[in-house]
Each structure stands twice: as structure tokens, then as C-alpha cells.
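A.B. asks: Mind looking at a prediction? Sequence and model below.
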Amino acid sequence: MSKNLSFLIFIGFLIILCFFSNNVQSGEVIKGDTSGDVYGVLIKCAFPNSIVIDGKLNDLAWKHATWHRIEAKDATVPAPDNKNASLKFAVTADDKYIYFAAEITDNKVQSGENSACDVWNDDSVEVYIDGENDKASAYDVNDAQITIGADVIGQNPDVKVTAGLLGGCVGITQGPKTETVATGTLTNDGWIVEAGIPLKNSGWNIKPKTGLKIGFNVQYNDDDDGAGRDYKLIWSVKEVKQGEGSWNNPSLFPELEFVQMVLAVDYRASITTTWAEIKTK
Ligand SMILES: [Ca+2]
Ligand SMILES: [Ca+2]
Ligand SMILES: [Ca+2]
Ligand SMILES: [Ca+2]
């Protein structure tokens, strides 16, 4: 084989490698104290932990949680780069709420053009719940899309305020009816969402215990130009492969699995140091 031919084969191989690397999801699991998380497939939700819903992520539980990072390529409509759109999110729970936090990088935070049911056309995070994890191909009463727009930034996380702002107006238990509470803050490179999704409402009654799974998904709608949505980032590996569809098809949702964990305390320092899983037989 001539040197030229070897060189050409090498270049061809590089081009093929680049093609495939541009077409696979690149998100990652940023490991905390939970174990067994799988990107785009499964997130562990440690409980019981309380969170102050104030748009600040300085709560102890967020420091111990495992975060999942959705990159610009993890999408059905990819963003040009991670500075334009990317996010990381985490979950925890107590006896009333599944708490959800998202730290979003977005070059232009757009809100106020579309509201409530149409808020998905502005910058917005979407959380999906399948309360019984029955993975139907259409929404039943325990399925909901909850769309939290950037118009929650600075808002009082009172359900009376939040319900009027939320989108996700599909199915029976629609986003605004889930009694989700949420607020947000603006950051140097984007914004933060902190929310509480009730364990009990008109659609579901979730009783956390170790090993219990529900359907769960996270998406980001990025609008940068003030018209409709520009980019669509999606956590679900299955959905990115098959095409966007969680808004009416719960079988595309990945899963959230509850795990009972306690904070181990260093009494000499009077500080909590780590989570430890409670083994149940
Ligand atoms: Ca907080
Ligand atoms: Ca953007
Ligand atoms: Ca369901
Ligand atoms: Ca934006």
C-alpha cells in the first residue's frame, strides 16, 4: 500500500469518526452520593431531603445529589454549542414533593413573549411525570408535562402564582393542575430553576420507597430570537433516537428511582458529610 493511500484511508477514518461523534449524545452523569444513575435512562432520587425553593442551589441536598448534564447535541434540534444551550439537573424528595433543580446555560434568556400553555416557545424547562410508570403510548391521568418558563425568574414560588405561569396543557393532569411550585434566578450565563412537584395531587399519589420507579424526563426549549422555539434539548436517549414525542407519549420517558438515604453526620464538626443508603431487606 502506498503512503498516499494509507494517508487517504486514515483521513477517511477520521471523517467517519467525526461524523459519528457529532451524532451521539454527549451528556454525562456528574456523580454525587447516589449510585447507579445512567444518563438519559435513569436518575436516582434520594429521600428524605428538604429543599428551600428560593431559586438558590445552596441547599445541602443539591451538593450531595447526582447531576445529569444535557449538552447542546443531546437534542432533536441541537443548539450550536453548550454556551448557547445546555443544562444540568438533579432531583431529591421529602414526604410532600419531588424537588427539581436545573442550572441552565443559555446565551440569551428569553421570556415574556409566550405565557402559560404557550410558554414552550420561550426559554423553558420541561419535566415529565408518569406517576405509575405504566409507559402507555398516550397520556393517562397519572402522566403530565410540566413546562416551567423563564417567566418564573424572581417569582414567589406560591402555587397560586406558579399555576398561572406553567405550561404543559396536554392530557388530563395538565402542568398547571399539578400544583407544582417553582421559582428561578438569573445567572451570569443563563438561569436557574428550583421547583417542587407534589407527590400527591389529582393525577397521582406517589409514596417514595427504595426501588420505586416512576417515569421521568427533562427537556429544554431554547428561544434566542424572540420568535418561536429555536432548539430542543432532551435527556431521554430513547426520545432523541426516535424523535420528539414525550409531550404525548409517556413510553419515551426514562425513569426516576427513589432511594432512601440518610445524611451521615460528623458530630465533631457538627456538619453533615455524606449520604449513605439505608439498606432494606
Ligand atoms: Ca434552594
Ligand atoms: Ca440559546
Ligand atoms: Ca401513565
Ligand atoms: Ca434562550
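C.D. replies: Here it is on my side, so go on. All values derive from a computational prediction rather than experimental measurement. Ligands and ions are numbered 1, 2, ... in the order given.
A.B. asks: For the stretch 1-150 of the chain, which residues are neighbours of ligand 4?
C.D. replies: 106, 108, 110, 123 (C-beta under 5 Å from the ion). The way it works is simple: take the backbone N, C-alpha and C, and place the C-beta from them, glycine included.
A.B. asks: Quick check: pLDDT value at the third one.
C.D. replies: Residue 110 is assigned 96 on the pLDDT scale.
A.B. asks: just checking, residue 32 touches residue 67?
C.D. replies: Yes - using C-beta atoms under 8 Å, residue 32 makes contact with residue 67 at a distance of 6.8 Å.
A.B. asks: Find residues that contact each of these two.
C.D. replies: residue 90 (C-beta atoms under 8 Å, 6 or more residues apart in numbering).
A.B. asks: Going by neighbour count, which of the residues of the stretch 1-150 of the chain next to ligand 4 are buried?
C.D. replies: Buried members of these, scored by 16 or more other C-beta atoms under 10 Å, are 106, 110, 123.
A.B. asks: tell me the contacts of the first one?
C.D. replies: Counting by C-beta under 8 Å, 6+ apart, residue 106 touches 84, 85, 123, 189, 190, 191, 222, 224.
A.B. asks: The second one too?
C.D. replies: Contact partners of residue 110, counting by C-beta under 8 Å, 6+ apart, are 122, 123, 150, 223, 224, 225, 226.
A.B. asks: how far away is it from residue 32?
C.D. replies: Distance of residue 110 to residue 32, given as C-beta to C-beta, to the nearest Å: 31 Å.
A.B. asks: Tell me where this structure has strands.
C.D. replies: 28-30, 42-47, 67-70, 75-77, 85-93, 97-106, 124-130, 143-149, 181-187, 190-198, 213-222, 231-234, 255-266, 271-277 (DSSP state E).
A.B. asks: If you tally nearby residues, what's the number for the residue of the stretch 151-281 of the chain found nearest ligand 1?
C.D. replies: Closest contact between the stretch 151-281 of the chain and ligand 1, by C-beta to the ion, is at residue 194 (5.1 Å). The number of residues packed around residue 194, counting by other C-beta atoms under 10 Å, is 26.
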